[in-house]
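Asker: Task: produce atomic coordinates for the following.
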Amino acid sequence: MKIVTSSLSLAPRSERQDCSPCPAQVQIECYEDQVPAFAASEIDRLYGHLYCSPRYFEMARAMQGASVYVAREGGSCIAVLPYRIAGGAVTVVSEYLTLDEQELARFARHMFSRYRFVKRVTFPRVHAQGHVPGFPCHAMVGSEDMVVTLPETVKDYEAAVGKNMRRNIKRYSSALAKAFPSYRYELYLERDIGEQDLRDIVALSCMRMKSKNIVPRFDETEIRWIVDFAQECGIVGVARIDGKVCAGAIGFRIGDNYFMHVIAHHPQYNDYSLGILCYYHTICEGIARGGKRFHLLQGRYGYKYRLLAERRDIVHLDIYRSRRALLASPAHVTRKEVRGRIWLAKQWLLHDLEHKEGTGYRLLARAVNFLRRTKRAKGSAD
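Answerer: Numbers count the residues shown, from 1 in each chain. Here you go, the predicted structure:
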């Protein structure tokens, strides 16, 4: 679903003061400064995304000490949203969840009614439209989720990716087998996943980051989480040559959704497109195991489109109590708009530009690639 990159909506004056209770058939509770035991499983069931799951490494830390909003209908949870309050704003902790206008409006209405001092409700990263009925709001695209909708069978996927992709996968695999007769690619699930394989894949990822002048994000605490979570709900592909890990992919499953978390290969094998092979084989395994979607997460790279991923824009959404509250926040809106525009410009230069037709676009793309190579070379020299 594509949404506008930025939007500012001012609700009609007759609507913006609507803080009336929710319909009788929906019951709402708020657990102040605590996360109830049932929240984790319900969040996974309702939203099915790694980045909003309480079992996700970063989300588990973010939810410590949070409050939780729970909406029920007919005894079943229809929304579970962890949040914090600071500076006159309610900020939802969960990220990358998908919410419709009705649920957004219900949550905002309840927050404004419950906390009279709150002027703004913020979703830092949410898949939603930039409009909330009854409230003025400001939305700005700030991230994306590249999602492959999985067909019923692997054969259907092979047909859908097209003749060129099938030919390339076969060519890469044949070239590897010819150059390195010991090459093997194996897939492991949950308890069959080895800790050392995971550590080797993470080490390759760190190597790749450093080669691009990027500081690796992994520490021992996060690696330990990867090991534990992978052995609970992981899907891991491992490429070996002479018995040594040369590439790999670490993914997780939540409900019907798979998520690629770490993918890396040794630069020695750049000519064999090992990264594409890891993606392809892992996606096929997800299909074989009945998955519905495979999330390749951020990065609108061309190879993700060739693997049939579609971009879902993720927005930073602010919902205001009133038009006056919105107009009284020009600095906040401006900062968010500027950050969003800079991020969009960066994505256009790094990813979208290469797909543009015309001499001017090609020259600009070459200049950008030259600057990227120069930066990486400088980082390697340092």
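
Asker: Flag every buried residue along whichever strand or helix holds V227.
Answerer: Assigned by DSSP states H and E, V227 belongs to helix 220-233. By neighbour count on 16 or more other CB atoms under 10 Å, the buried set for helix 220-233 is I223, I226, V227, F229, A230, Q231, C233. (Glycine included, C-beta is placed from N, CA and C.)

Asker: And the last one, how far from Y56?
Answerer: It refers to C233. Using CB to CB, to the nearest Å, we find C233 at a distance of 11 Å from Y56.

Asker: And the fourth one, by the same measure?
Answerer: Using CB to CB, one obtains 8 Å as the distance from F229 to Y56.

Asker: Then the fifth one?
Answerer: Using CB to CB, one obtains 13 Å as the distance from A230 to Y56.

Asker: again, but for the first one
Answerer: Using CB to CB, we find I223 at a distance of 15 Å from Y56.

Asker: And the contacts of the helix holding V227?
Answerer: Outside helix 220-233, the residues that touch it by CB atoms under 8 Å, 6 or more residues apart in numbering are 55, 57, 190-191, 193, 195, 198-199, 202, 236, 250, 252-254, 261-262.

Asker: and which of those residues is nearest to R300?
Answerer: Closest approach to R300 among the contacts of helix 220-233 (CB to CB): H261, at 18.0 Å.

Asker: Point me to the helix or strand that includes the closest one.
Answerer: Using DSSP H and E, H261 falls within strand 257-265.

Asker: could you pull out the helices for the stretch 251-382 of the chain?
Answerer: In the stretch 251-382 of the chain, the helices defined using DSSP state H, counting those that start in this stretch lie at 274-288, 302-306, 323-327, 330-347, 359-381.

Asker: can you pull the contacts of the residue positioned nearest the centre of the chain?
Answerer: Against the mean C-alpha coordinate of the chain, by CA atoms, centre = their mean, the closest residue is L297 at 4.1 Å. For L297, the contact set (CB under 8 Å, 6+ apart) comprises Y51, D145, M146, F259, M260, H261.

Asker: Quick check on those: which are buried?
Answerer: For the contacts of L297, a burial check counting by 16+ other CB under 10 Å picks out Y51, D145, M146, F259, M260, H261.

Asker: Pull the residues that contact stretch 104-123.
Answerer: For stretch 104-123, the surrounding residues in contact (CB under 8 Å, 6+ apart) are 18-22, 26, 28, 30, 69, 71, 79, 81, 83, 85, 88-92, 99, 128, 132-135, 315-322, 325, 328-329, 332.

Asker: now the end-to-end length of that stretch.
Answerer: Using CA to CA, to the nearest Å, the end-to-end distance of stretch 104-123 comes to 10 Å.

Asker: And the contacts of stretch 104-123, which of them are buried?
Answerer: Buried, going by 16+ other CB under 10 Å: 19, 22, 26, 28, 69, 71, 79, 81, 83, 85, 89-92, 99, 128, 132, 134-135, 315-322, 325, 329, 332, out of the contacts of stretch 104-123.

Asker: The stretch 51-200 of the chain: strands as residue ranges?
Answerer: Secondary structure of the stretch 51-200 of the chain by DSSP state E, counting those that start in this stretch: the strands cover 67-73, 76-86, 89-92, 97-98, 120-127, 137-149, 184-189.
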